[in-house]
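**Q** Give me a 3D structure for the following:
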Amino acid sequence: MADARATVVQKMPEQDYFLSELLGSRVMLKGKRIGKLQDLIIVDRGKLAEVTHLFVVRPFGYPPLLVPWDKLLFMEVGEFVIDIDKPEKYEGSPEGHILLRDQILDKKVLDMEDREVE
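**A** Coordinates of the predicted model:
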């Protein structure tokens, strides 16, 4: 199943997204809404950061989920479709991770010469 999942994500056309458009999108699992996208977790890879996980908040007091990027089947503005077997396996806190919205968005960015980047 992992190979099929990777193929689906790889076949999605390359597209640019604004983070502000993606945040709050519903997250679907097997046709049911299980939460909404709160943030994206990234890893610094030099000049380009890589998204590694989705940070999904859930209703009714359920713990949030940290869903690996490779579990993503489909995405568009307003909806993310994931494929995980048991959500409980992915419950966790984003503590210690780099959150794109919380730690990067709307922050001043400096280039290598300490000049502000627009």
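**Q** now stretch 24-32, how far from the centre of its chain.
**A** The chain centroid and the centroid of stretch 24-32 are separated by 13 Å under C-alpha atoms, centre = their mean, to the nearest Å.
**Q** Identify all contacting residues around that stretch.
**A** 33-37, 54, 56, 67, 75, 77-84, 87 (C-beta atoms under 8 Å, 6 or more residues apart in numbering). C-beta: built from backbone N, CA, C; applies to glycine.
**Q** In helices, which of those appear?
**A** Among the contacts of stretch 24-32, the subset assigned to helices under DSSP state H is empty.
**Q** can you pull out the strands in the chain?
**A** Ranges of strands within the chain are 26-29, 32-45, 48-57, 65-68, 72-76, 79-82, 98-99, 109-110, 116-117, based on DSSP state E.
**Q** With mean pLDDT and mean neighbour count as extra columns, can I get those strands in JSON lines?
**A** Formatted as JSON lines, the strands of the chain follow (pLDDT from 0 to 100; neighbours: other C-beta atoms under 10 Å):
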{"stretch": "strand 26-29", "mean pLDDT": "98", "mean neighbour count": "18"}
{"stretch": "strand 32-45", "mean pLDDT": "94", "mean neighbour count": "16"}
{"stretch": "strand 48-57", "mean pLDDT": "92", "mean neighbour count": "17"}
{"stretch": "strand 65-68", "mean pLDDT": "97", "mean neighbour count": "20"}
{"stretch": "strand 72-76", "mean pLDDT": "94", "mean neighbour count": "16"}
{"stretch": "strand 79-82", "mean pLDDT": "97", "mean neighbour count": "19"}
{"stretch": "strand 98-99", "mean pLDDT": "90", "mean neighbour count": "16"}
{"stretch": "strand 109-110", "mean pLDDT": "68", "mean neighbour count": "10"}
{"stretch": "strand 116-117", "mean pLDDT": "72", "mean neighbour count": "8"}
